[in-house]
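**Student:** Here you go, sequence then predicted model.
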Amino acid sequence: MKRWFPAALLVLAVGLALYPLQATGYGVRVMLQLFMWIALAQSWNLISGLTGYVSFGHVVFFGTGAYASSILIVTLGWAWPLACLGGGVVAAVLAFLIGWPCLRLKGPYFAIATLGLNEVMRVVASYYEGLTGGGNGLSLPTLHASVEIYYAMGLVAAAVTAVTYVIVTSRFGLRLMTIREDEVAAEAMGIDTLRYKLYAFLLSAAAPGIVGGLSARDQGYIEPLSVFPLIMTITMIVMALFGGKGTIWGPVLGAALLFAFQEVVWARFIYLHQLLFGAIIVGVVLLMPRGILGVLQQKYNLPRTI
Amino acid sequence: MAPILEIRSVVKRFGGVAAVSGVSLSLEPGRIYGLIGPNGSGKTTLFNCITGVDQADEGEIIFKGRRIDGLKPHRIFHLGMGRTFQVIRVFPELTALENLLVVTTAGYEEARRRAEELLALVKLERLAGEFAGNLSYGQQKLVEFIRVLMTDPEMILLDEPAAGVNRTLLNELLDAVRRLRDQGKTVLLVEHDMKVVMGLCETVFVLDHGEKLAEGAPGVIQADERVIEAYFGR
Amino acid sequence: MGVLITPSMIGQVVISGLLAGSLYAMVALGLGLIFGVMRVLNVAHGPLLMMGAYTTFWLFQWIGFNPYLSLLVSMPLLFLVGVALQRFLVRRVVDAPELSSLLLTFGVSIALVNLAQLAFTSDLRAVEYLTGSFVVGPFALSKPRLATCGFAIAITLGAFVFLRSTRLGKAIRAVSQSREVAQVCGIDVQRIHLITFGLGSALAAAGGSLVAVMVAIQPEMGQVYTFKSFLVIVLGGAGNYPGALLGGLLLGLVEQLASLFLTSQVNEAVAYVLLVVVLLIRPTGLLKGRV
């Protein structure tokens, strides 16, 4: 198992790197989206899968990153790669501001706090018209850079997965998991749970911030409703849950599977989207709470590093 | 010798009821203390107040000369006080070894060495890579016990160490506790099993209805009429 | 913002705040009961309210049924829905880590919203039944708000009497304090869970029926009530049922006060800021609650 996996990964990476040379513009955009979802699902996994603290408003970091980087491009003239990184930084700062008061609480309280956060940021984006264009949205200078953004998204997705790998195999990751397993015992055993939760939360906000910026750059236009939609949070949760929260490759698997489904099947059933996702969430929680990968891990006694 | 732990007039209320009302205790280092009392006497609440899980409403708790009431549990742990729980709280999805590794901030190699040492001490070396949730009750109890020893704390609080444990394992645990005392550590245990308390502890505190009823050597406590009444009378 | 604040404006705000707050209190009590008894945070609370609103709307639309009388239909109906949710879904995760019940009710909530979108479309609906205000001195008392407040108070008081005085109510309070002890006392905890979820849902439905007369009805209308109900629980203290009453009134007051100084858009953020502030200062709630 262990020997062919890295080799397979390498082949896949090379394949994906060469893909834009062969594919149509549409094909590139589709894969770009897949990378985005992988990054998002993986990020949600970092906080909710590892520490057990469910974030219901994670799309807020996507939207904040989108606005922050777009504003950096439009008002300060930054180049988009730097601006997107800036978006990630701003998102992380927001995570700190929210996490510092809200992560002191038990899980359910934190979850509901995140539920409202998204609405608030949407309101803020609408309100500060001077900066954000308010309800009319923000337009970015025209740029045809789908291929570059494809690579950028791919890098982010790979980076988040790599970070997850490093965390899960380290003591830092173990400590995050103790928070999920038994927070009272973790505290009693000397683990400063607030600090660890905060680190995880910050890390989980950075990538959504960056891909938010990238997505905004790709679309060329953003408005409050388009970058703070609840369906995005729902989607990243379903992807991570379905594939296996708390694992390294689970969110990747879930993102790939559900994205494929979405493109092929559900595009036709657009009105059933949320219903299906809701049903999947309920189904996963009741029937396979550890997701596909989790079930496989248990059945075949696979190590945690899968 | 200065006491290692002092509890001064601690009061803890839940709603309108005082679970602990004005308890004062003083513990000398290097001894084994017992905390007993009928159900509802406030033992676990007091334990929780000492370790920071709950916050006392009134009073002070002083450990090694500094106030620890109001500190978060992880700070108190790093000051040198560890505890086990009444209901076993190992981390089920971490292996036995990992359960031990997460506790210490020492370097990985050093931590690993110490963890393997402790596992060997309780003869659990071969289960190091087993998920803690898959271990038997007794094995989990041992893991929780040695987990507390990872950072070599000066004081150890044991919450019902004898609960649900068979005779052999119990004797091993008690021997381990005596060895800890010989090393100069202080142990405070809450326990229902009178034989354990009387055989192990040098001084026993008795709580009843949130107040300290009596304090003294096991033999003295056993003969104390008030204690007998608290348990059997009424 | 450079507006002269007169005493009568303050008075108006206080009155409006109390009127709105009574509704928040009632709906929050529903959430609080479920949380107190089962430690389940019912994220689907808002959608249940939405279903109550639609019940009232359709009854009004089809047979001109009096919206306030429709309480007699929406409450029992949603009681049954709540019982079904508990029996078939929530029951399985009551003892699981809290993460599970959060995700489960979240899944249910988005499914319910989508179902409503499919069944009723996202078109805005309204129940035009009661409009206008009573003018008393310098104050304007909106008629629908008054009616809502009156019913909300009545229902909430009824709920409290139920909790205090009936055997079932006492059993519910017992289970919410300690499940083990209640079991030892012979209380059928499963049954209590079913009934509590039903009751919580019925209270949400009542909220929905009452607001149906005042606001635009659409499938996503309930989300904001989930959040505000939770905020009320935090304000009043989890597990503290009378606290929910106080919390609701407080929220109503704060919102109306804020509307004096801030634009209506920013108003939505007020509840959120209040939540963060309270969580920072006194997470156990203004009255004593269990965290």
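**Tutor:** The structure has been received and is ready for your questions.

**Student:** which stretches of chain B form helices?
**Tutor:** For chain B, the helices defined by DSSP state H cover B:43-51, B:73-78, B:96-101, B:108-121, B:137-149, B:167-182, B:194-200, B:218-223, B:225-232.

**Student:** And stretch A:184-200, end to end?
**Tutor:** 18 Å (Cα to Cα, to the nearest Å).

**Student:** sorry, back to before: any chance of TSV for the helices of chain B, columns distance to chain A?
**Tutor:** Quick note: C-beta positions are derived from backbone N, CA and C, even for glycine. As requested, the helices of chain B are exported to TSV (distance: least, Cβ to the nearest Cβ, whole Å):
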stretch	distance to chain A
helix B:43-51	6
helix B:73-78	4
helix B:96-101	5
helix B:108-121	7
helix B:137-149	7
helix B:167-182	18
helix B:194-200	23
helix B:218-223	28
helix B:225-232	29
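
**Student:** Please name whichever of the ones you listed is nearest to chain C.
**Tutor:** helix B:43-51 (13.9 Å; Cβ to the nearest Cβ).

**Student:** Which other helices and strands does that closest one contact?
**Tutor:** strand B:5-14, strand B:17-27, strand B:32-36, strand B:81-83, strand B:155-159, strand B:186-190 (3 or more Cβ pairs under 8 Å, 6 or more residues apart in numbering or on different chains; DSSP states H and E).

**Student:** can you give me the angle the last one makes with strand B:155-159?
**Tutor:** Between the axis of strand B:186-190 and that of strand B:155-159 there is an angle of 10 degrees, by axes from the mean of the first three to the mean of the last three Cα atoms, to 10 degrees.

**Student:** tell me the mean pLDDT over the longest helix that chain C contains?
**Tutor:** With secondary structure taken from DSSP H, chain C has its longest helix at helix C:7-38. Mean per-residue pLDDT for helix C:7-38: 90.

**Student:** by contact count, what packs against the following helix or strand past that helix?
**Tutor:** Following helix C:7-38 in sequence order, the next helix or strand is helix C:45-63 (DSSP states H and E). Helix C:45-63 sits against helix C:7-38, helix C:71-88, helix C:98-120, helix C:189-211, helix C:223-236, with contacts defined as 3+ Cβ pairs under 8 Å, 6+ apart.

**Student:** Can you add distance to residue A:212 and give the helices of chain B back as CSV?
**Tutor:** Formatted as CSV, the helices of chain B follow (distance: least, Cβ to Cβ, whole Å):
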stretch, distance to residue A:212
helix B:43-51, 43
helix B:73-78, 34
helix B:96-101, 35
helix B:108-121, 36
helix B:137-149, 42
helix B:167-182, 54
helix B:194-200, 60
helix B:218-223, 66
helix B:225-232, 64
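
**Student:** To residue C:280, which of the helices and strands packed on helix C:45-63 lies closest?
**Tutor:** helix C:223-236 (11.3 Å; Cβ to Cβ).

**Student:** Show the average pLDDT along that closest one.
**Tutor:** 89.

**Student:** mind listing what's buried in it?
**Tutor:** Buried positions in helix C:223-236, judged by neighbour count with 16 or more other Cβ atoms under 10 Å in any protein chain shown: C:223, C:225-236.

**Student:** ok, and what's touching stretch A:127-137?
**Tutor:** If you take Cβ atoms under 8 Å, 6 or more residues apart in numbering or on different chains as the criterion, stretch A:127-137 is touched by A:67, A:71, A:75, A:125-126, A:138-139, A:221-224, A:226, C:263, C:265-266.

**Student:** May I ask which of those has the most neighbours?
**Tutor:** The most neighbours of any of the contacts of stretch A:127-137, using other Cβ atoms under 10 Å in any protein chain shown, belong to residue A:67, which has 30 neighbours.

**Student:** could you say what helices and strands the longest helix of chain C packs with?
**Tutor:** Short answer (3+ Cβ pairs under 8 Å, 6+ apart): helix C:7-38 packs on helix C:45-63, strand C:139-142, helix C:143-165, helix C:167-177, helix C:189-211, helix C:223-236, helix C:241-261.

**Student:** ranking those by mean pLDDT, which is last?
**Tutor:** strand C:139-142 (a mean of 82).

**Student:** low pLDDT regions in the stretch 1-150 of chain A?
**Tutor:** A:1-2 (pLDDT under 70).

**Student:** what sits against residue A:125?
**Tutor:** Shown in contact with residue A:125 (Cβ under 8 Å, 6+ apart): A:63, A:67, A:132, A:134, A:224, A:227, A:228.

**Student:** again, 6 Å this time
**Tutor:** Listed by Cβ atoms under 6 Å, 6 or more residues apart in numbering or on different chains, the contact set of residue A:125 reads A:67, A:132, A:224.

**Student:** still on that earlier bit, where's the longest helix of chain C relative to the chain centroid, distance-wise?
**Tutor:** 9 Å (Cα atoms, centre = their mean, to the nearest Å).

**Student:** what angle separates that helix from helix C:223-236?
**Tutor:** Using the same axes, to 10 degrees: helix C:7-38 against helix C:223-236 is 90 degrees.

**Student:** now the angle from helix C:7-38 to helix C:71-88?
**Tutor:** Using the same axes, to 10 degrees: helix C:7-38 against helix C:71-88 is 40 degrees.

**Student:** In helix C:7-38, which residues are buried?
**Tutor:** Residues of helix C:7-38 classed as buried: C:12-13, C:15-38 (neighbour count, 16+ other Cβ under 10 Å).

**Student:** got the residues of chain C near chain A?
**Tutor:** C:41, C:92, C:98-100, C:102-104, C:107, C:110-111, C:114, C:227, C:230, C:265, C:268-269, C:272, C:276, C:279-280, C:283 (Cβ under 6 Å from any Cβ of the partner chain).

**Student:** where do the helices sit along the stretch 51-200 of chain A?
**Tutor:** A:59-76, A:80-102, A:107-127, A:129-132, A:146-168, A:171-181, A:183-188, A:193-219 (DSSP state H, counting those that start in this stretch).

**Student:** Which one, of those helices, ends up nearest to residue B:31?
**Tutor:** Closest approach to residue B:31 among these (Cβ to Cβ): helix A:183-188, 22.7 Å.

**Student:** Quickly check: the closest one near chain B or not.
**Tutor:** Yes: part of helix A:183-188 sits near chain B under the criterion Cβ under 6 Å from any Cβ, namely A:185, A:187, A:188.

**Student:** which other residues reach that helix?
**Tutor:** Helix A:183-188 has contacts (Cβ under 6 Å, 6+ apart) with A:178, A:179, A:193, B:73, B:74, B:83, B:89.

**Student:** Out of those, give me the two with the largest separation.
**Tutor:** Most distant of the contacts of helix A:183-188, by Cβ to Cβ, are A:179 and B:83, 18.1 Å apart.

**Student:** ok, the contacts of helix A:183-188 vs chain C, which is closest?
**Tutor:** residue A:179 (11.4 Å).

**Student:** Tell me the spatial nearest neighbour of the closest one, not counting adjacent residues.
**Tutor:** Distance criterion Cβ to Cβ, 6 or more residues apart in numbering or on different chains; nearest residue to residue A:179, sequence neighbours excluded, is residue A:51 at 4.6 Å.

**Student:** Next up, the contacts around the one you found.
**Tutor:** A:176, A:179, A:180, A:197, A:200.

**Student:** Name the member of those with the most neighbours.
**Tutor:** Result: residue A:176 is most packed of the contacts of residue A:51 (other Cβ under 10 Å), 30 neighbours.

**Student:** re the thing from before, next, the angle helix C:167-177 makes with the longest helix of chain C.
**Tutor:** Going by the same axes, to 10 degrees, helix C:7-38 makes 80 degrees with helix C:167-177.

**Student:** Near whatever residue of the stretch 101-250 of chain C ends up closest to chain B, how many other residues are there?
**Tutor:** Here the residue of the stretch 101-250 of chain C nearest chain B is residue C:177; by Cβ to the nearest Cβ that distance is 9.1 Å. Residue C:177 sits with 14 neighbouring residues when counted by other Cβ under 10 Å.

**Student:** three-state assignment of the nearest residue to it once chain neighbours are set aside?
**Tutor:** In space, and not counting its chain neighbours, residue C:177 is closest to residue C:239: 7.8 Å by Cβ to Cβ, 6+ apart. Assigned by DSSP: H, G, I helix; E, B strand; the rest coil, the conformation of residue C:239 is coil.
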